[in-house]
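Q: sharing a sequence plus its predicted fold:
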Amino acid sequence: MIDHNIYSKSLSTLMKKGYLKKTDSILVVAGGSYDREIMIKSDFKNVTISNIDFHAGHTDYTPYKWIRIDAEKIEANDNSYDWAVIHAGLHHLAIPALGVCEMFRVAKKGILCIEARDSFFMRLAVKFGLTSDYELEPALLSGGSIGGYRNGAIPNYIYRWKEREFEKTINSFAPTHKHKFIYLYDIRLPIQRYAMAKNPLISIILWILLRLKNIIKFFFPKQGNEFAFVALKNIQLQPWLTASLDFDETFLSKKYDKNKYPGYKENIKIPNEITEQTFKDSDNNQNMNVYSSLDNFFQKMEK
């Protein structure tokens, strides 16, 4: 589990930059008692904590509201909350990117996600057995009952993120606007996990890492295992769209002359010769392989 220090730091950074206000409505996805604790300490007033089930049996989320929500299918309208936040929860989903997109859909201002980063050091740690690609400890500690895939008994794959991957997910889901991305990094050593290890070599490695932690943070900040990634929503409309989200060819006309495109003025010809021959053989002499528009093409197909 990711420690909440980077959680507080991320919220504080967003507030200092003016993106997040204490009065903003916040939906916490895949939330639990840690989220409640952080939100109270940060003095947020309008928070809804959600999960597919009560996290680790905790049922008291006072002073906040708790609701049952599937992070991969959030039952809320677009822009229902100012912010959507998830802390160490995306890797429990069947499709983590879907959770990101659902959060982005219901958020008006932006989303904050805190997960592990897919760094070079992290991949080395997996290779040498210092960590795993699957989250096994919660299954062990719960007797194989909760804390895994979709909060069930099966240990989940630990989906780790990179900056570019996050940006591609957001931009693919919401291509109408440009969005702003913010990243924060930190390191948290899994002391509790290492304490359970029977291999004495793990204790020695932990001792070394504890002394190298600050050096790694200073010289290689992106190599830590804590990663906060933020998307600020709809910062600027794409220049090829109008305010009503219709295509505006003015922007592209400055770069391209569509009249120079072969065949544009008269007909749109299908370039594939095999396809043309197939149409020619089946168009009942309707000259189907040459048409002036897509509508004209489908009209000929119907004949």
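A: Arrived safely, thanks for sending. Residues are numbered from 1 along each chain as shown.
Q: and the closest residue in space to residue 117 that isn't next to it in sequence, what's its pLDDT?
A: Using CB to CB, 6 or more residues apart in numbering and skipping residues adjacent in sequence, the residue nearest residue 117 is residue 227, 3.6 Å away. Yep, even glycine has a C-beta here, placed from its N, CA and C like the rest. Listed pLDDT for residue 227 reads 96.
Q: residue 248 contacts residue 241, correct?
A: Yes - using CB atoms under 8 Å, residue 248 is in contact with residue 241, at 6.1 Å.
Q: now do the SS call for the residue nearest to residue 117.
A: strand (DSSP: H, G, I helix; E, B strand; the rest coil).
Q: surely it touches residue 112?
A: No - contact between residue 227 and residue 112 fails when scored by CB under 8 Å: they sit 11.5 Å apart.
Q: hmm, back to that, and the residue nearest to residue 117, what does it touch?
A: Residue 227 is in contact with 114, 115, 116, 117, 160, 161, 183, 184, 185, counting by CB atoms under 8 Å, 6 or more residues apart in numbering.
Q: residue 92 now?
A: 30, 135, 148, 149, 150, 151, 156.
Q: count residues in the vicinity of the fourth one, would you?
A: Applying the criterion other CB atoms under 10 Å, we find 17 residues in the vicinity of residue 149.
Q: equivalent analysis for the second one, please.
A: Neighbours of residue 135 under the rule other CB under 10 Å: 19.
Q: all strands of the stretch 1-150 of the chain, in order?
A: 25-29, 46-51, 65-68, 81-87, 107-115 (DSSP state E, counting those that start in this stretch).
Q: distance of the most centrally placed residue in the chain from residue 175?
A: For the chain, the residue nearest the mean C-alpha position is residue 100 (3.4 Å; CA atoms, centre = their mean). To residue 175, residue 100 is 15 Å away according to CB to CB, to the nearest Å.
Q: next: residue 233.
A: 13 Å.
Q: domains of the chain: list them as residue ranges, please.
A: 5-237, 257-302 (automatic domain parsing).
Q: mean pLDDT for those: which is lowest?
A: Among those, domain 257-302 scores lowest, at a mean of 57.
Q: just give me the neighbour total for the closest residue to residue 237 other than its chain neighbours.
A: Sequence neighbours aside, residue 177 is the residue nearest to residue 237 in space, at 5.7 Å (criterion: CB to CB, 6+ apart). Neighbour count of residue 177, defined by other CB under 10 Å: 14.
Q: hang on, residue 177 packs against residue 232?
A: No - contact criterion CB under 8 Å: residue 177 and residue 232 do not qualify, at 10.3 Å.
Q: from what I see, residue 157 and residue 134 are in contact.
A: Yes - the criterion here is CB under 8 Å, and residue 157 meets it with residue 134 at 5.7 Å.
Q: would you map the helices across the stretch 151-300 of the chain?
A: Using DSSP state H, counting those that start in this stretch, the helices assigned to the stretch 151-300 of the chain run over residues 163-173, 191-196, 200-219, 250-253, 273-282, 294-302.
Q: how far does the longest one sit from its chain's centre?
A: The one in question is helix 200-219. 30 Å (CA atoms, centre = their mean, to the nearest Å).
Q: dump it to CSV, restricted to CA.
A: The C-alpha coordinates for helix 200-219 follow below in CSV (Å, rounded to 0.1, in the frame of the first residue of the first chain):
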residue,chain,number,x,y,z
PRO,A,200,17.8,-12.5,6.0
LEU,A,201,19.3,-11.0,2.8
ILE,A,202,16.1,-8.9,2.5
SER,A,203,16.9,-7.2,5.9
ILE,A,204,20.3,-6.3,4.7
ILE,A,205,19.0,-4.8,1.5
LEU,A,206,16.4,-2.8,3.5
TRP,A,207,19.2,-1.4,5.7
ILE,A,208,21.1,-0.3,2.6
LEU,A,209,18.0,1.2,0.9
LEU,A,210,17.1,3.2,4.0
ARG,A,211,20.5,4.9,3.9
LEU,A,212,20.3,5.5,0.2
LYS,A,213,16.7,6.7,0.1
ASN,A,214,17.4,10.4,0.2
ILE,A,215,20.2,10.2,-2.4
ILE,A,216,18.0,8.3,-4.8
LYS,A,217,15.2,10.9,-4.3
PHE,A,218,17.6,13.8,-5.0
PHE,A,219,19.4,12.4,-8.1
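Q: fine, thanks again, bye for now.
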